[in-house]
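Novice: Have a look at this fold, sequence not included:
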């Protein structure tokens, strides 16, 4: 039975939104990436692939930003996905305590990123921060540090903040996935004498692949796009130790007025996210129980 042509009219509103807010800005940004526009002058020059060539061969700050971005993304994706899965397994039963803990873990998600940043800046403060105070109280004064002022630790400290803020959000996705697994499969596993680890590896994990794919893809994209938390906590410092691609684009466009150059970074940024997300979907292929 052929669909009526009028049914395609329902695609028009969504198509217009996609066209206006994604296709047009992307094409405009792509065109700017071949220029040296400073964002203010009415005139600018076409420089071809010069911006891209400089980014890939001569711009050490760009290479540092890529390295910092990968450190941040890898830390957040691995730790956040693992913690959200563990919490979801332990909080699966609908008891009053578990419902309260789910709410408690989800609460940071509704906070504004700037608020989260200020909370953790206070925690990390080397003079009056809670973290150094607790370390001193338990006799671990030698572990006290200037957490956000250390070039080697700052990016990981911000990653911890991001993990704290969004683990509860991903916990909900894993809870939904766990609740979709038929209880009969666990009963069969018990009758077969499977251990808890064997049950998780043979029953739970394969059926959580769709949820895991969603969690990993969402976390990756969110981590790559991280800007407000890093901007509020360190603004890319100390030095360039927390400069990621999102903050690098901002600094190039609005601090140095290199809008054309920043547009080239944005295009490469978009390609990197697309390639990594496609690779993840390839590695974590969503398979139904019938095809597994």
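Specialist: Sure thing, it's come through. As the structure is a prediction and not an experimental result, all values here were calculated from the model.
Novice: and stretch 250-266, how far apart are its ends?
Specialist: The first and final residues of stretch 250-266 sit 10 Å from each other (Cα to Cα, to the nearest Å).
Novice: correct me, but residue 83 touches residue 168?
Specialist: No. Under the criterion of Cβ atoms under 8 Å, residue 83 lies out of contact with residue 168, with a separation of 9.6 Å. Just so you know, the C-beta spots here come from the backbone N, C-alpha and C atoms, and that holds for glycine as well.
Novice: Give me the more crowded residue out of those two.
Specialist: Neighbours per residue (other Cβ atoms under 10 Å) separate residue 83 from residue 168, with residue 168 holding more: 21 against 17.
Novice: Could you report the separation of that one from residue 107?
Specialist: Computed as Cβ to Cβ, to the nearest Å, the residue 168 to residue 107 distance reads 7 Å.
Novice: contact partners of stretch 260-275?
Specialist: 26, 29-30, 32-38, 44, 47, 51-52, 54-55, 62, 66, 220-221, 224-225, 245-246, 248-250, 252-253 (Cβ atoms under 8 Å, 6 or more residues apart in numbering).
Novice: ok, for residue 89, nearest residue in space, not its chain neighbours?
Specialist: Using Cβ to Cβ, 6 or more residues apart in numbering and skipping the chain neighbours, the partner closest in space to residue 89 is residue 178 (7.0 Å).
Novice: Just the element for the one you found, please.
Specialist: Element membership for residue 178, per DSSP states H and E: helix 154-179.
Novice: Please point out which parts of that helix sit buried.
Specialist: Within helix 154-179, the residues scored as buried using 16 or more other Cβ atoms under 10 Å are 154-171, 173-175, 177-178.
Novice: can you check stretch 40-59 too?
Specialist: 47, 50, 51, 52, 55, 59.
Novice: Name the residues of the helix or strand that residue 132 is a member of that come out as buried.
Specialist: Using DSSP H and E, the secondary-structure element containing residue 132 is helix 130-137. Going by neighbour count (16+ other Cβ under 10 Å), the buried part of helix 130-137 is 131, 132, 135.
Novice: Output the contacting helices and strands for that helix.
Specialist: Counting contacts by 3 or more Cβ pairs under 8 Å, 6 or more residues apart in numbering; DSSP states H and E, helix 130-137 is packed against helix 113-124.
Novice: Counting by contacts, list what the helix it packs on packs against.
Specialist: Judged by 3+ Cβ pairs under 8 Å, 6+ apart, helix 113-124 is in contact with helix 130-137, helix 154-179, helix 228-233.
Novice: can you pull the contacts of the closest residue in space to residue 84 that isn't next to it in sequence?
Specialist: Leaving aside its chain neighbours, residue 84 sits nearest to residue 170 (3.8 Å; criterion: Cβ to Cβ, 6+ apart). Contacts here follow Cβ under 8 Å, 6+ apart; on that basis residue 170 touches 80, 81, 84, 215, 218, 219.
Novice: can you give me the helices for the stretch 1-150 of the chain?
Specialist: Listed in chain order, the helices of the stretch 1-150 of the chain (DSSP state H, counting those that start in this stretch) span residues 11-18, 24-32, 50-57, 60-90, 96-106, 113-124, 130-137.
Novice: can you redo the ones you listed as JSON lines with distance to residue 204 and mean pLDDT?
Specialist: Supplementary listing: those in JSON lines, determined by distance: least, Cβ to Cβ, whole Å; pLDDT from 0 to 100:
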{"stretch": "helix 11-18", "distance to residue 204": "36", "mean pLDDT": "91"}
{"stretch": "helix 24-32", "distance to residue 204": "40", "mean pLDDT": "94"}
{"stretch": "helix 50-57", "distance to residue 204": "43", "mean pLDDT": "95"}
{"stretch": "helix 60-90", "distance to residue 204": "8", "mean pLDDT": "95"}
{"stretch": "helix 96-106", "distance to residue 204": "18", "mean pLDDT": "93"}
{"stretch": "helix 113-124", "distance to residue 204": "31", "mean pLDDT": "95"}
{"stretch": "helix 130-137", "distance to residue 204": "35", "mean pLDDT": "94"}
